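K.L.:
sequence-free structure coming up:
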């Protein structure tokens with residue numbers, strides 16, 4: 001879905017699964033989000049008790065009780081994908097100098113847009129040899145995957161850190177609505193801000209009971 005933002009919603013075990021979409025939509029509206037539909041974000045543990053799952057199909061669901069969602073496999077699989085992506089990135093950028101992340105150039109632009117324009121910032125980031133190699137690889141139709149430019153800080157943190165970053169990202173979506181009604185979200189796309197959000201979101205997930213319910217809904 002283009003131009004959408006997916007929210008992970010945490011709901012108590014008392015919620016009836018048939019009422020979940022309506023309840024979740026009302027909560028999102030109260031926080032200024034527009035419901036754009038359910039997302040089959042979660043892997044599931046069962047193919048039998050699908051009546052307890054929200055929009056189940058082919059081993060995925062848009063939500064359900066924590067005990068029926070395979071959060072551990074989601075984390076393991078995304079961690080492995082990030083592990084593999086880092087190995088590929090390392091091959092592509094090997095021998096190039098460490099690059100400054102995009103926010104270094106954006107901050108300079110934001111501080112004085114007249115003296116240092118957006119075009120200066122965009123060009124300054126892109127001409128760095130390491131970034132240029134990533135852009136070149138991402139342009140190739142035969143690429144194995146994209147190398148996200150916004151992950152530059154995370155790539156630079158090393159293989160194990162990048163794999164852990166994947167583990168942390170697997171279950172939380174772009175933002176999270178907690179059981180006590182708080183919205184958790186990163187303050188920017190910077191690696192440190194993403195990590196702060198993911199730390200808080202995963203701590204909240206770890207505190208949920210097996211009977212509590214998760215749902216993933218796209219918003220506008």
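P.N.:
Perfect, I can see it now. As the structure is a prediction and not an experimental result, all values here were calculated from the model.
K.L.:
In which helix or strand does the residue lying closest to residue 145 once chain neighbours are set aside reside?
P.N.:
Distance criterion CB to CB, 6 or more residues apart in numbering; nearest residue to residue 145, sequence neighbours excluded, is residue 85 at 6.0 Å. Every residue, glycine included, has its C-beta placed from N, CA and C. Following DSSP states H and E, the helix or strand that holds residue 85 is helix 71-93.
K.L.:
hang on, residue 108 packs against residue 125?
P.N.:
No - applying CB atoms under 8 Å as the test, residue 108 and residue 125 come out as separate, 10.3 Å apart.
K.L.:
Mind checking which of the two has more residues around it?
P.N.:
Neighbours were tallied for residue 108 and for residue 125 using other CB atoms under 10 Å; the higher tally belongs to residue 125 (21 against 15).
K.L.:
mind checking how far that one is from residue 91?
P.N.:
Distance of residue 125 to residue 91, given as CB to CB, to the nearest Å: 22 Å.
K.L.:
Could you pull out the buried residues of the helix holding residue 85?
P.N.:
Residues of helix 71-93 classed as buried by neighbour count (16 or more other CB atoms under 10 Å): 71, 74, 75, 78, 79, 82, 83, 85, 86, 89, 93.
K.L.:
roughly how far out does stretch 56-73 sit from the chain middle?
P.N.:
Here stretch 56-73 shows a centroid-to-chain-centroid distance of 17 Å under the convention CA atoms, centre = their mean, to the nearest Å.
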